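# Sequence and predicted structure, then a few things I'm wondering about:
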Amino acid sequence: MTMEALCFCCYVMAKHADGAIPDTPEEWLDEFGTFPFTRYCRS
């Protein structure tokens, strides 16, 4: 499964659970902040 397909599956489940979710997956994903990987992952 690609990352895009996984995100879409998550969006569909979230939309089903809460009708207040935006109408597009892109709008929904924009509501989330980014994860600071460099803070938690060391090289």
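Now that the structure is in, tell me what you want to look at.

# Only C-alpha atoms from now on, for both contacts and neighbour counts.
Fine.

# Mind checking what helix or strand follows the host helix or strand of residue 10 in sequence?
According to DSSP states H and E, residue 10 maps onto helix 3-17. The C-terminal neighbour of helix 3-17 among helices and strands, as given by DSSP H and E, is helix 25-30.

# Which strands or helices does that following helix pack on?
helix 3-17 (3 or more C-alpha pairs under 8 Å, 6 or more residues apart in numbering; DSSP states H and E).

# Show me what the helix it packs on is in contact with.
Here helix 3-17 makes contact (C-alpha atoms under 8 Å, 6 or more residues apart in numbering) with 21-22, 25, 28.

# And these, which of them are buried?
Using 16 or more other C-alpha atoms under 10 Å as the burial test, the contacts of helix 3-17 include 21-22, 25 as buried.

# could those residues go into CSV alongside pLDDT?
What follows is the buried ones among the contacts of helix 3-17, written out as CSV (pLDDT from 0 to 100):
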residue, pLDDT
21, 94
22, 95
25, 92
